[in-house]
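Chemist: okay, here's the prediction I keep looking at, along with the sequence it came from:
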Amino acid sequence: EDGRPQHLVLADAPGEWFRGWAVNENSDDAEGARWISDNADVLILIADCEALSHDESVGPARHDIQALAPRIAKHLRNRPVALVWAKADKIVAPETIASVRNAVLASLPNVAEFHVSVRPSPGGRQAPGVIELLDWIVERSRPSVQLPERRIASDDPFLQLGRV
């Protein structure tokens, strides 16, 4: 609105962190998930439509989301949370979508829902849903996050924060 840039840090954390955190929030393997849970302004639960579209991975992918939603709810502290259907161009069985959505809504009834894909819309140049998701994140962010100390010296902006 005022022309000043908005800085965002998006943590694309390994699923293993959150898989362990969902089962045992005090697990040593879940330290990164705990940090994100403690410090994030906005929480995003990713439903990977590609994984949910393959028979052999539907069960584990669905289970991970269904186990993680109650843990997020326990640590929500009135923060906004989104269910993002990533790779939404992949076809997922309606009963799988309903099962995941119902499990998430049971724990997180105020979840916002987005469908995103890196594939552009037919005749369009933007990836569907990505701009809407980023707008939603920016509208709900607060500028008070304290980033961890930098551990890697690099001019590459993707490596400047190092490992948490």
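Modeler: Received it, and whenever you're ready, just let me know what you need.

Chemist: helices and strands of this structure: which one has the lowest mean pLDDT?
Modeler: In the chain, no helix or strand scores lower on mean pLDDT, DSSP states H and E than helix 130-140, which sits at a mean of 84.

Chemist: what packs against it?
Modeler: Taking 3 or more C-beta pairs under 8 Å, 6 or more residues apart in numbering; DSSP states H and E as contact, the helices and strands that helix 130-140 lies on are strand 81-86, strand 112-115. For the C-beta atoms, the positions are set from N, CA and C on the backbone; glycine is no exception.

Chemist: touching the helix or strand just after the first one from outside, list them.
Modeler: Proceeding C-terminally, strand 81-86 gives way to helix 94-107 as the next helix or strand, assigned by DSSP states H and E. Defining contact as C-beta atoms under 8 Å, 6 or more residues apart in numbering, one finds that helix 94-107 is touched by 45, 47, 52, 58, 62, 65-66, 69-70, 72-73, 83, 85, 111, 113.

Chemist: what's the angle between helix 94-107 and strand 81-86?
Modeler: Angle, helix 94-107 to strand 81-86, by axes from the mean of the first three to the mean of the last three C-alpha atoms, to 10 degrees: 160 degrees.

Chemist: and the most centrally placed residue in the chain, backbone torsions?
Modeler: Nearest residue to the geometric centre of the chain (C-alpha atoms, centre = their mean): Ile44, 3.0 Å. Dihedral pair for Ile44: phi -120, psi 120, per degrees, to the nearest 10.

Chemist: can you list the residue ranges for helices in the chain?
Modeler: 15-23, 31-39, 49-53, 55-74, 94-107, 130-140 (DSSP state H).

Chemist: need those helices in TSV (columns: mean neighbour count and distance to Arg119).
Modeler: Formatted as TSV, these follow (neighbours: other C-beta atoms under 10 Å; distance: least, C-beta to C-beta, whole Å):
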stretch	mean neighbour count	distance to Arg119
helix 15-23	18	22
helix 31-39	17	28
helix 49-53	20	12
helix 55-74	16	20
helix 94-107	15	19
helix 130-140	14	11
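
Chemist: now the weakest link among these, please, by mean pLDDT.
Modeler: Mean pLDDT is lowest for helix 130-140 out of those, coming in at a mean of 84.
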